[in-house]
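Participant: give the three-dimensional model of this entry:
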Amino acid sequence: MSDQFERRGLIPLLPPIDRARQVGEALADYVENGDLKAGDRLPAERELMAALGVGRSTIREAIRWFQALGVVESRKGSGNYLLKPISRRTIHMPLSLDTANLRDALLQTLQVRRGLECEAGMVAARMRTEEDLKIIEARLEEMERVHHAKGASGPEDLAFHLAIYDATHNPLFRQLLEQMRETFERFWSHPFERFDFARRSFPYHRTLFNAIVAQDAEAARGETLKILQIVEEDIKEMSK
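Facilitator: A predicted model of the protein is given here:
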């Protein structure tokens, strides 16, 4: 695989900007130009590190991104394998928003979040397993711990919602979020420089979890709407 990888010479050295994203794009080009098929093994981590001039953590972040998109599978002791052909065109969902107007950008992304998260909560309530509940509860408890310690818990909040997406057992929910994640994170990282943004929604994450435990899809939808209603109120209030 190493000789084949070097011979193809399809991955150029990367500049030190947004390395994980560039690694993902370079790997997508490698798969497309090399005509790799489902079941083919990707180059080993050390080969990618040497070819791209990046560290192990950057390679692993790119691989995790591909795993979340459902296009790569990691097999312990064997390596990373392609589940379906990809190209640079298929690993991005280009999103364009007016970054000069934060209020409108937040409200527009909130409309998308409302549709995805309400449906994900309802499906998770119907489809969740006991193992799913353990994972969601662990994410919720970590979110609560960080929130009480710091007054905010953005990454932990995201992990909680991702666990709900996974509990739907529909990989498209996670894949859609991963495709849009860069845009979401760009606008939702401490909007208006307020660490108390949407803090009032904190208790409803626990009641959302309780609804999923009870397999009450309508209640899950209702609790999700409560969270997002507070988010919308804070966007409008804090942007004045």
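Participant: determine the longest helix present in the chain.
Facilitator: helix 102-127 (DSSP state H).
Participant: buried residues in that helix, which are they?
Facilitator: 102, 105-106, 108-110, 113-114, 116-125 (16 or more other C-beta atoms under 10 Å). Every residue, glycine included, has its C-beta placed from N, CA and C.
Participant: so what's the most centrally placed residue in the chain closest to, chain neighbours aside?
Facilitator: Centroid-nearest residue in the chain: E178, 3.9 Å away (criterion: C-alpha atoms, centre = their mean). Once flanking residues are discounted, E178 sits nearest to A68: 4.5 Å by C-beta to C-beta, 6 or more residues apart in numbering.
Participant: again with I227
Facilitator: Nearest residue to I227, sequence neighbours excluded (C-beta to C-beta, 6+ apart): S201, at 4.3 Å.
Participant: count of neighbours near that neighbour?
Facilitator: S201 has 19 neighbours, counted by other C-beta atoms under 10 Å.
Participant: do E130 as well
Facilitator: 7.
Participant: from memory V54 sits against A26, does it?
Facilitator: No: checked against C-beta atoms under 8 Å, the pair V54 and A26 is beyond contact range at 9.7 Å.
Participant: pull the helix or strand with minimum mean pLDDT from this structure.
Facilitator: helix 2-8 (a mean of 48; mean pLDDT, DSSP states H and E).
Participant: what lies in contact with the strand or helix carrying I63?
Facilitator: Assigned by DSSP states H and E, I63 belongs to helix 56-68. With C-beta atoms under 8 Å, 6 or more residues apart in numbering as the test, helix 56-68 has contacts from 19-21, 23-24, 27, 42, 45, 48-49, 52, 72-74, 80, 86, 91, 174-175, 178.
Participant: how does it look with 7 Å?
Facilitator: Helix 56-68 is contacted from outside by 19-20, 23-24, 27, 45, 48-49, 72, 74, 80, 174, 178, using C-beta atoms under 7 Å, 6 or more residues apart in numbering.
Participant: among those residues, which pair sits farthest apart?
Facilitator: Farthest apart among those by C-beta to C-beta are M49 and R174. That separation is 26.8 Å.
Participant: looking at those two, which one has more neighbours?
Facilitator: R174 (19 against 16).
Participant: verify the stated contact: that one with D166.
Facilitator: Yes: using C-beta atoms under 7 Å, R174 is in contact with D166, at 6.2 Å.
Participant: what are the ranges of the strands in the protein?
Facilitator: 72-75, 79-82 (DSSP state E).
Participant: could I get these as TSV with mean pLDDT?
Facilitator: Shown next, in TSV, are the strands of the chain (pLDDT from 0 to 100):
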stretch	mean pLDDT
strand 72-75	88
strand 79-82	90
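Participant: V213: which of those strands is closest?
Facilitator: Nearest to V213, of these and by C-beta to C-beta, is strand 72-75 at 30.3 Å.
Participant: counting by contacts, list what the closest one packs against.
Facilitator: For strand 72-75, the elements it packs on are helix 56-68, strand 79-82, judged by 3 or more C-beta pairs under 7 Å, 6 or more residues apart in numbering; DSSP states H and E.
Participant: distance to L228 added to the ones you listed, as TSV?
Facilitator: Output for the helices and strands packed on strand 72-75, formatted as TSV (distance: least, C-beta to C-beta, whole Å):
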stretch	distance to L228
helix 56-68	23
strand 79-82	36
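Participant: pick out the shakiest of those, pLDDT-wise.
Facilitator: Of all the helices and strands packed on strand 72-75, the minimum mean pLDDT falls on helix 56-68 (a mean of 82).
Participant: could you pull out the helices for this protein?
Facilitator: 2-8, 19-33, 45-52, 56-68, 102-127, 130-150, 154-167, 171-188, 202-213, 217-238.
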